[in-house]
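A.B. asks: Need coordinates for the following:
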Amino acid sequence: MSRVVSAADTDVSAGALGRRGRARAQLKGALIAAWETETAYRRPFLWLAAAAGAGVVLYFCAAREPSLPFAGGLCFVLAIGAAALQGRAPVAHAALLLLACAAAGFSCAAWRTARVAAPIAHRLAIAELQGFVEEVELRPAGARFVLRVASASGLSGPAPRRARLTTRKPPAFAAGDFVALKARLMPPAHAALPGGYDFARDAYFMGIGAVGSALGRIELRAPPAPAPPDLRFAASIDRLRNSLAQRVYSVLGGDAGAIAAAMVVGKRGYLSESARDLIRRAGIFHIVTISGVQMTLVAGIFFVGLRRLLALSPMLALDWPIRKWAAGLAIAGAVFYDLFAGSRIGSERALVMTVLMLGAVLADRVALSMRNLAFAVLFVVAFEPEAILGAGFQLSFAAVAALIAFYEWRSDFLQGRGAESAAAAGARPGLAGVVGERLADGPLAALVATACATTATAAFMANDFHELSPYVLIGNPLTLAAIEFFAVPCALLGALLFPLGLDGPVWRWLGMGIDLVTRVAGVIAEAPGASLTVKSFPPAAMAALVLAVLSAALWRSALLRVTAIPLALVGLLGATRGETFDLAVAANGEAAALRLESGELTLLGRNVSAFSAEQWLRADGDGRRALTARGGVRCDAVGCVGQASDGRTVALAADRAALVEDCGRAAILVTPLFAPSGCAAPIVVDRRRLEATGAVTLRLAPDGVRITPARSPDEDRPWSPAPPPRRAETGEGDPPTREIGE
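C.D. replies: Purely as a prediction, here's the structure:
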C-alpha cells in the first residue's frame, strides 16, 4: 500500500535537512577559523618536523636496507612538486610538503647509516687488541671503557672500529692512552624479545662493533702514530670529567657521592643497584642525567651573571651592546657545558633551543619556543636520527612540548582575563583574590605544568620502561628543586674551585641536598603503588598515543586540540589489547621464560643474562627484579623441563646428550644446538631457527602456536645482517611445526 506524504512530513524533513546544513556550515566555518588561527601562529610548520621524525621511524621499520639515492631522489621530486603547487592547490601543496619532509627524514637516516658503517663481530672470540682509549667510566670496582681499535689479531673477520670492554681492576690508564690487551669479544646483543630494546642497533650508530671484557693485564704502550685531533679533544674532556667525578665521590662517598657525581658530570658508573632502584621507584631517575633543565639553568646563569657583571661599568653599559656580549658568551658557556656533561640527547635538545633563543638576542629578534623545539627536532633528524627511537629523545621532547603548550594556553587565558579586568578596572580585588592570583601564577601553575608534562610522557614511559610512577607529581618538583638549588650552582662553583683544592665545602653542601632528596625518595618508593608495571604496547596503539600528544601540544586552537581526545582513547584501548606470550626464548637459545598455569613466568636454563630476564619480566608487567625457576621446573646439568600453562611439556636441552630424550617427550623443544631432523617434538626452536629469527615469543592456543620473531625472515640491515646461507648438515632438517602466523 502506498504511503501518502503529508505537508507536515515534508516540513519536518526540510527542517531536519536545514538543521544539518546549518550544522555543517557552522562546523566548516569553525574549522576555517581554527585553521586561520593556526596559520597566524605559524603552527603548520611544527608538523613538518613531526613528519621528518615519522620518516625516520619508517626508515627503521624497513626489512631491508633502503636505497639512499632513491630516497634522496624521491625527496627532491616531492619538494619540487610542493613548490610548484604553492599558492595554487593548498591541500595538495600541504600533502606534498609533509611527504617531502618525511622523505627527507628517511633520507637523513639512510645517510647516517651509511656514514657510520663499521665492521661488527659475528661470533664469540678471544682477540689481542691494541688501540686508543676513548672514554672511561669508573665504577666502585673496575671500569668500563671504549677502545678505538688500531689493530686486532684472533678475529675471523675485520676488526671492529670500537669495542666496549669492562675490567674488574682499577684502571691504570685514562682516556687518550694507547693500550694493548687480550679481550673476550662478542657481538652486541640484539633484542631479548620482539619489539624490545635492541642494543645492537644503538651500538652500530655509536661505532661499537664488539663488547666484552678484558682478560689479564692491560699494558700501556707508545702509540705507533699520534692520536687524531678529535680523539685528543674528547679524551681531555673525559679525563676532566673523571677527575671531577672521582673528587665528588671521594668527598661524599656511598650512594650520595654516586648521585652527586652523576648530577655534576653525568658519570653514573658509581651508582649501586639499590640506589638505582630507589630513585627509579620514586620516579626521579632523571635526577642522575644531565637534562635540559641543567642546560637551561647554566645558560641563564651565564647570561644574567655576565650581563650584570658588564653592567658594573657605566661606560660599557651605556656605549656598548653588553646584552649581546653576554648572549654570545652564554652560548659559548652552554656549548662547553654540553661537551663537559657528555652531550646526551636531552642536553643537546636544550642546547639547540638555548642557542636559538640567545641567537635571537644577538639578532634583535623574538625567539618562539615551540618553533625552537621544532628546530631542535630537525637538528636531531639531520645529525642523530637514530636518537628518535630512544627514550631520552621521546621523554625530553614530549615533556618540553607539553610545558610550552601549557604556558601558551596560560598566556592566552591571562590575556583574556586581562581584557575582562580592564573592563572592571574600578574594582579592587580582596585579600582572597590576591592570594588566589599569587597561587595561580606560582605554585599552582607549576603543579599543572608538571601534570601536563607527566601526562605527555606517560605513554613513552610505559612503552619504553613498562613502568609508571603515580607519585611523579611529588618526585618531579623534588628533582627540580634539587637541580636548581644544589646541583647546578654546586657544579659551576665546585668546578671553578676544584683546581684550587677549595671545592670540598661545595660538594658537602650538595651532599646535604642529595640526602634530603633520597630521604623523601625513600618515603615515596615505600608508598603503596609507588611503581606500576605495564605490559608491552602494540605498535598501532603507541602510534595513536604519539599523535594524541602531538595534537594536544602542536595545535593552538581548541577545536583542533580536541582531536587529541579520540586519538588518546584509541591508543589507550589498543594498549589494553596487547598480545602476551607463553614462552620467550633468548636469541642464543640458552634460556627461556615459561608461563606457568598460575600465570607467572619461570626460568628455563641456567645461562640467562640479567638484561634478558629483566626485559621478559617488564614486557609481561611483572614487578620482580629477577627471574628464577619455580613451579615444578626440573633442571640438571644438561637442561630443564617444565610444564606450560596449557599442560604441554617444554624442554630446554643445553647438551646434545639430552636432545634424544627431549625430542621424544617434549611438545616444545628449545636448544642452542642444531636439532636433528628426526626430532619428534612438534615444535622445535633450535640454533638454525634462532639464527634467522633472533629471539622469539610463542603464544599457545588450542589450534596451534603463534610464533613471533624479533626479526623478520627477510630482514637484512647493517646492525642486523641476514645470516649467511648454511650448508644443510647430514641428517638435519626443519621439524614439522603447526604455526598460525609468524
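A.B. asks: domains for this structure, by residue range?
C.D. replies: 42-115, 125-227, 402-414+446-468+535-578, 583-709 (automatic domain parsing).
A.B. asks: Make a markdown table from the ones you listed and add mean neighbour count, mean pLDDT and distance to residue 260 to it.
C.D. replies: (Glycine included, C-beta is placed from N, CA and C.) Formatted as a markdown table, those follow (neighbours: other C-beta atoms under 10 Å; pLDDT from 0 to 100; distance: least, C-beta to C-beta, whole Å):
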| stretch | mean neighbour count | mean pLDDT | distance to residue 260 |
| --- | --- | --- | --- |
| domain 42-115 | 18 | 92 | 35 |
| domain 125-227 | 18 | 90 | 14 |
| domain 402-414+446-468+535-578 | 18 | 86 | 24 |
| domain 583-709 | 19 | 85 | 25 |
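A.B. asks: any chance of those domains in JSON lines, with distance to residue 282 too?
C.D. replies: As requested, the domains of the chain are exported to JSON lines (distance: least, C-beta to C-beta, whole Å):
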{"stretch": "domain 42-115", "distance to residue 282": "31"}
{"stretch": "domain 125-227", "distance to residue 282": "22"}
{"stretch": "domain 402-414+446-468+535-578", "distance to residue 282": "12"}
{"stretch": "domain 583-709", "distance to residue 282": "15"}
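A.B. asks: can you pull out the helices in the stretch 551-700 of the chain?
C.D. replies: Here the stretch 551-700 of the chain has its helices, by DSSP state H, counting those that start in this stretch, at 558-561, 564-575, 610-619, 656-665, 687-693.
A.B. asks: can you list these in CSV and add distance to residue 81?
C.D. replies: What follows is those, written out as CSV (distance: least, C-beta to C-beta, whole Å):
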stretch, distance to residue 81
helix 558-561, 26
helix 564-575, 29
helix 610-619, 43
helix 656-665, 60
helix 687-693, 40
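A.B. asks: Nearest to residue 710, out of those?
C.D. replies: Residue 710 sits nearest to helix 687-693 of all the helices of the stretch 551-700 of the chain, at 6.6 Å, using C-beta to C-beta.
A.B. asks: Can you show me the CA trace of that closest one as PDB?
C.D. replies: This file holds the C-alpha atoms of helix 687-693, laid out as PDB (Å, rounded to 0.1, in the frame of the first residue of the first chain):
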ATOM      1  CA  ARG A 687      70.000 -22.700  16.600                       C
ATOM      2  CA  ARG A 688      69.100 -22.800  13.000                       C
ATOM      3  CA  ARG A 689      65.800 -21.100  13.600                       C
ATOM      4  CA  LEU A 690      67.200 -18.600  16.100                       C
ATOM      5  CA  GLU A 691      69.900 -17.500  13.600                       C
ATOM      6  CA  ALA A 692      67.200 -16.500  11.200                       C
ATOM      7  CA  THR A 693      64.700 -15.000  13.600                       C
END
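A.B. asks: Please enumerate residues in contact with it?
C.D. replies: Helix 687-693 is touched from outside by 585, 587-589, 671-675, 696, 709-711, 713, 723, 726, 732, 734, with contacts defined as C-beta atoms under 8 Å, 6 or more residues apart in numbering.
A.B. asks: try 6 Å this time
C.D. replies: Under the contact criterion C-beta atoms under 6 Å, 6 or more residues apart in numbering, helix 687-693 has outside partners 587, 589, 672, 673, 674, 709, 723.
A.B. asks: Point out the one among the helices of the stretch 551-700 of the chain that comes closest to residue 454.
C.D. replies: Ranking the helices of the stretch 551-700 of the chain by their distance to residue 454 (criterion: C-beta to C-beta) puts helix 564-575 first, at 14.3 Å.
A.B. asks: now, which of the contacts of helix 687-693 sits nearest residue 50?
C.D. replies: residue 709 (30.3 Å).
A.B. asks: My guess is the closest one contacts residue 698. True?
C.D. replies: No. Contact criterion C-beta atoms under 6 Å: residue 709 and residue 698 do not qualify, at 10.5 Å.
A.B. asks: Out of the domains of the chain, flag the one nearest residue 494.
C.D. replies: domain 125-227 (17.9 Å).
A.B. asks: what's the first-to-last distance across the closest one?
C.D. replies: In domain 125-227, first residue to last residue: 27 Å (C-alpha to C-alpha, to the nearest Å).
A.B. asks: That domain: how far from the chain's middle?
C.D. replies: Here the centre of domain 125-227 is set off from its chain's centre by 24 Å, with C-alpha atoms, centre = their mean, to the nearest Å.
A.B. asks: from the contacts of helix 687-693, which is closest to residue 647?
C.D. replies: For these, the nearest to residue 647 is residue 589 (23.3 Å; C-beta to C-beta).
A.B. asks: ok, residues contacting the helix or strand hosting residue 48?
C.D. replies: Using DSSP states H and E, residue 48 sits in helix 44-61. When contacts are defined by C-beta under 6 Å, 6+ apart, helix 44-61 is touched by residues 98, 101-102, 104-106, 109, 374, 377-378, 381, 385, 388, 550, 554.
A.B. asks: Out of the residues you listed, which two are the most distant from each other?
C.D. replies: Across these (C-beta to C-beta), the longest gap, 22.0 Å, separates 109 and 554.
A.B. asks: coming back round to it: out of the domains of the chain, flag the one nearest residue 524.
C.D. replies: Across the domains of the chain, residue 524 has its closest neighbour in domain 402-414+446-468+535-578 (13.5 Å, C-beta to C-beta).
A.B. asks: before we move on, back to that, with residue 26 as the reference, name the closest of the domains of the chain.
C.D. replies: domain 402-414+446-468+535-578 (11.3 Å).
A.B. asks: So what would you say the end-to-end distance of that closest one is?
C.D. replies: Between the start and the finish of domain 402-414+446-468+535-578 there is a gap of 27 Å, counting by C-alpha to C-alpha.
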